[in-house]
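Novice: Just the structure for this:
(chains A, B and C)
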Amino acid sequence: MITLYILGAASTVLTLLGFFVPARVTRWLATGSVAASIVYLFFTWGQRQTAFGGLYVVDPISQGFTLVALLGVLWALLVGRSEKWEFSLLLLYAATGMHFMASSPNLPVLLIALEVFSLPLYVLATWRRDEPGFEAGLKYFLLGALSAAIFLYGIALHFGATGSFNAGVQGSGPLYAAALLLILGALAFKVSLVPFHWWTPDVYQGSPTTVSLMMATAVKAAGFAALVRVLNVQDQGLWGLGLGALIALTVIFGNLGALAQRESKRLLAYSSIAHAGYVGLGLYSGTGTAAIGFYLLAYLLSTGLAFAVLAAISQGDVPYERLRGLLYRKPLLGVAMGVGLLSLAGLPPFAGFWGKLLVFLEAAKAQQWGLLVLALLTSAVAAYYYLRLFNLVVARGEATEAAIPAPGAGTPVLAGQSAGGLSLATGRLAAWPLVIASALVVLLGILPGLGYRLFSPTPFAALSRPASTAPATLPATFAITSPSDGAELRAGEFSLQGTGRAGETLEVWDSGSRIAEVRVDERGGWSLVLPSLPGVGEHTYQVRRPGEGEGPSVRVRIVE
Amino acid sequence: MSWLVVSALLFTIGAYGVLSRRTAILVFLSIELMLNAANLALIAFARQWGSLDAQVVTLFVIAIAAAEVAVGLGLIVAIFRRRETTGVDELRGLRG
Amino acid sequence: MQETVLLPLIILLPLLGFAVLGLWGRRLPEPVPGVVASALVLGSLLLGLVLLGQGGARWAVEDWIPGVPLSFVLDNLSGLMVMVVAGVGFLIHVYAIGYMHSDPGFSRFFSYFNLFIAAMLVLVLGDSLPVVFIGWEGVGLASYLLIGFWYTERVNADSARKAFIVNRIGDLGFLLGMGVLWAHFGTLSISELRELIAPEGEFAVGINVAAVSLAAFLLFIGAIGKSAQVPLMVWLPDAMAGPTPVSALIHAATMVTAGVYLLCRNSFLYFDLPDVSFWVVLIGMLTALYGALCAFGQTDIKRIVAYSTLSQLGYMFVAAGVGAYWVAMFHVLTHAFFKALLFMSSGAVIHALGGEQDVRKMGGMWNYLPQTRIHGLVGALALGGLPLLSGFWSKDAILAASYEYSALLWFVMLITAALTALYSMRWFVLVFMGKYRGHEHPHESPAVMTWPNHVLTLGSLFAGFVGLPYVVQSENLLEPWLNKAIVHHEHEKLPVLDEWALILVSAVVALGALYYGYRFFQAEAAGRLPAWFTRFQEASLRSFYADDVYNALLVRPLKSLAKILFDADGGLLGGFWWLGSATGNLGALLARLETGYLRFYAAGLLIAAVLLVLVGVIR
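Specialist: Numbering: from 1, shown residues only, chains lettered A, B, ... in the order given. I've put the predicted structure just below:
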């Protein structure tokens, strides 16, 4: 909640204050408020909260994806120094919208949040104020508005089919299917899944590199947060095939298209398409939030490194040849670029490797073997273009003359750079994020559990043990032993019995509501006489450890 | 039900407009048409479910559309100043 | 057992040494890198002893890799190994300061040496199999680097590669074993596995014994590779190409015992699997016999000791196979002392003779090397099992344990013990007795080399007294202390009379063989040997044609296969090029879809949306 207040208040105040104070101050205040939000997020990590009648929900999804999004914005704020104060302000607006996008299960609110962060981005895309900039901005804007219209129509149909505006409500019928898939398509546009990706390469290339950095990282996080909520419906048949087609097309198109590129920013745009496909793999199992979160964090750090390095070279195009020998000319940039590329390629011991592994595991859990094989094959292709760039970075030799435009003359792209007032990212402020992000990529590569735990309410709850182990042999499990699952009982008083770890307290739930707490005795057993007589019908009794969302359950039918 | 048909028709017309118009303004206008088609559907469903929520959402959508217009027209005007045209087919500097 | 962050510090100290010496070692003047490296290992040893004195320690990062903790544990079992690794390791470090004097790679040597200690400590302290595996590979890497330390000579580099490649076979077994355990138990933490498989000192009810057997067997294959057991023994003798301190530390005292340690650490897998344990016994017995026989023909002073190492490792495997895990660790301890001593005495002799390693050009060193002669004598006698020395007690414990397993096994091991006594005397006589047969001017080593040997001499003399048989001391120091950390079957002790009889028999056999060997090999020194023995020596020198068998059965067929594959590869490579360019072309084609036309994009988007909805609705 405070996160929202900080961002919202800062946006409002800075909008007015910006007219009176120097641009530098606005930038500092904006940076400070985003940083404060991140700090606050960490302090309240894991706490849940609901506000505005359920329109705003703070839960692991909200926290995890907001963290990734805000980190992306923060990075853009640190790297992109503009003479105009509106630049930082627009980034701050976008941050607010993204946080809301990650924190609402309500579809119209999602639409509003989407617009709140998209509109500033349309403007930011044109920031270079040159031909490619305007082209990128207009394409992004028109296609974005089109996808918003599709989103809205999806929402309307969703309401028509279920009478509810909440994401994740189970419905049925063709109307519901159409609604779900329209929403899927509109969100696929934001995270650039093929064939809704058309804008991505053009816009990334035409925008200032700092802005591309944010589009590639923060926007994806916000979009996937919404996707996780929207696709949180039981009946996978409704969207499984559609999403599968999108992912298959995405990993093929993104990776193969990248092979043909000769310009680094456009390459990263294709790579961002490909990565969106891998992240999508995590949506199938229904337990993949942590895997997706980790992937996005790893991707934020790695692609952020690559973009930040490009931003330090130029806000415009960076042909491959300009990177030749970067390691020797600018060691810090070279190392950061190298780490970023290797992590993007998914090589151990970098964070990207674990990200890939985790989402692939989720896909395997959901038995999406075809997609998995395709993803593996295409990530082999991906290694080729990342390593080609990596080889250039570590290659001996100077960048060829043709690749470096003479100062003053320059291509139209570079000439427009000063007009936009965005200076190149140099100096300590741009260097520190590179150092920290490189270190984090390596750290998460060596200790992936640290990052994974951030996104998972219970560490590794998502990685269930293989089924072949009999639960009874595992230490410290708990279960209901009586009555047995599917039993029919005569109405009246009865008791539940079960096992657990000696001394611990368990919660007993009846069909989603908590009815009692029991304490496990020294011999690892417990028994509970139900506090109130259960009504006739079907009951699902479940035991949970306090604070956990799931536990073993039995289904019992009470008859007259 | 017939309102839904009208709404779907309007949406299709909007989509057709997006594809057939060559100036940015008209493309944008067609997209607004699609938004309003969705609004119409929302109102129709609001009647069907007897709920006011959808009508409130419609008001919000109108506000969103206004915001889009503000940003979009600004963009288009800026482009017009620089290029003397708003034809979308001429914007092909970025591709491949 | 306390949770403490000091535990990983034990590993970090030598690792720090590796990093510092590797990066800046070349700028340091000569003795400094050696002193730094030794001091860090001493630090590790002291820290380990302090923690062990406080009742052990553990430390873990729970979520290292999803599902696998990064955990270390210092219990009595790993504590013993830490003492051996860091303790004997420290002595050998000090010795190497003298031995590597004025070598151009002085600092590089100590940087590798510290890397080895760090990796070995990871192996020993690791409480989850992947961590152990990291150490396992780390010591393999350090061993590779150190065998090929004088890499400018082709033979050395080849030996290093041979060691590395042969070890790969074993590592495959280790990896597959981990895979089986993960698939069936969903964890690779050793203490968790122990809880799951053998919670109360016996197999848990309903456990999949076939899976446990398979995993145990695969891990055993890993141990075979690392500990140079039959049939993966061929790399160890060649590993003697490294500097002598390397042979002493890695290929005698510590790394090669890692296989034994692995079996003992995972004793909860093996203790109730007679089938797998039978294979352990069989492999160990064959190796013990084979190593002993091979030692007779060698002419290189270090290769004699290397084959005796093979043989002694076989003893340890026998002990582990018959279920006497503490005895195996006991022999690891005593063997570390006397075998390191033997190697370092050999090193002192080599040092004295200016690099000469051929025993035929030695002899008479008794008169030249007043201190080393004592070291060599004690080492040889301990190896030969002279009663009351350390080797006697541990070997006797193994013999007693094998007697309980089967009388035949006992008999074979007894014969091997006799052979051991014989060849240890051969080594001693050829090097120290008779007249000097070379043309150098032997000189005693400096103090920095003799003092570590003094300490090891003490160890070889007295280390055996921590594990006396029960008839001598009703409860010795080592057995109950180690058994706290080992899962094993308690069994009936042998009757007092039998036990005494066994001790007597092995004492008599050892004494007899030592005396006979002392007399017999003076004949070899003088060049007067019976003809049958010369023939036997020729075969033994070529290690009974093991390398030839490998060449005929594996290397040559593989080479021709490689040739065929290489030729096929040309075609295949063409195919790959084609595939690569086809993929690239496809990519270029796809990229051309990005036409830049806004209305094309909008059309694509809308059509996609319509198709998506159609798929969903029609389905």
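Novice: how about the strands in chain A?
Specialist: With DSSP state E, the ranges of strands along chain A come out as A:49-51, A:56-58, A:81-82, A:422-423, A:479-482, A:487-490, A:495-499, A:505-510, A:513-519, A:525-529, A:537-544, A:553-559.
Novice: Lowest average pLDDT across the ones you listed?
Specialist: Mean pLDDT per stretch puts strand A:422-423 lowest among the strands of chain A, at a mean of 66.
Novice: What parts of chain A come near chain B?
Specialist: A:108, A:111-112, A:115, A:119, A:122-123, A:126, A:129, A:131-132, A:134-139, A:141-142, A:145-146, A:148-150, A:152-153, A:155-157, A:159-160, A:163, A:165, A:201-202, A:205-206, A:260-261, A:266 (C-beta under 8 Å from any C-beta of the partner chain). Glycine gets a C-beta too; all of them are placed from N, C-alpha and C.
Novice: near chain C, which of the residues you listed show up?
Specialist: A:138, A:139, A:142, A:146, A:150, A:201, A:202, A:260, A:261.
Novice: I figured the fourth one hits residue B:34, correct?
Specialist: Spelled out, it's residue A:146. Yes: contact criterion C-beta atoms under 8 Å: residue A:146 and residue B:34 qualify, at 7.4 Å.
Novice: shared neighbours of the two, anything?
Specialist: Common neighbours of residue A:146 and residue B:34, counting by C-beta atoms under 8 Å, 6 or more residues apart in numbering or on different chains, are residue B:18.
Novice: Which pLDDT does the model give residue 64?
Specialist: Defaulting to chain A. pLDDT, read off for residue A:64, is 91.
Novice: I was thinking of chain B, sorry if that wasn't clear
Specialist: Reported pLDDT for residue B:64: 94.
Novice: quick one: it from residue A:142, how far?
Specialist: To residue A:142, residue B:64 is 16 Å away according to C-beta to C-beta, to the nearest Å.
Novice: Show me which of those two is the more surrounded one.
Specialist: The residue with more neighbours, out of residue B:64 and residue A:142, is residue A:142; 27 against 21, by other C-beta atoms under 10 Å in any protein chain shown.
Novice: Isn't the more buried one up against residue B:30?
Specialist: No: using C-beta under 8 Å, residue A:142 makes no contact with residue B:30, being 9.8 Å away.
Novice: Domain-wise, how is the chain divided?
Specialist: In the absence of a named chain, this looks at chain A. A:2-401+A:415-457, A:479-559 (automatic domain parsing).
Novice: ah, no, chain C please
Specialist: If you go by automatic domain parsing, chain C breaks into C:1-166+C:234-264, C:273-540, C:549-578+C:593-618.
Novice: so which of those gets nearest chain A?
Specialist: domain C:1-166+C:234-264 (2.4 Å; C-beta to the nearest C-beta).
Novice: Distance to chain B, mean neighbour count and mean pLDDT added to the domains of chain C, as JSON lines?
Specialist: Output for the domains of chain C, formatted as JSON lines (distance: least, C-beta to the nearest C-beta, whole Å; neighbours: other C-beta atoms under 10 Å in any protein chain shown; pLDDT from 0 to 100):
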{"stretch": "domain C:1-166+C:234-264", "distance to chain B": "40", "mean neighbour count": "22", "mean pLDDT": "89"}
{"stretch": "domain C:273-540", "distance to chain B": "62", "mean neighbour count": "21", "mean pLDDT": "89"}
{"stretch": "domain C:549-578+C:593-618", "distance to chain B": "3", "mean neighbour count": "15", "mean pLDDT": "85"}
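Novice: before we move on, which element is the residue of the stretch 451-600 of chain C found nearest chain A in?
Specialist: Going by C-beta to the nearest C-beta, chain A is nearest to residue C:587 of the stretch 451-600 of chain C, at 3.5 Å. According to DSSP states H and E, residue C:587 maps onto helix C:556-591.
Novice: Who are the packing partners of that helix?
Specialist: Contacts defined by 3 or more C-beta pairs under 8 Å, 6 or more residues apart in numbering or on different chains; DSSP states H and E place helix C:556-591 against helix A:240-259.
Novice: Next, see if the helix it packs on gets close to chain C.
Specialist: Yes: applying C-beta under 8 Å from any C-beta, one finds helix A:240-259 touching chain C at A:241, A:242, A:245, A:246, A:252, A:253, A:255, A:256, A:257, A:258, A:259.
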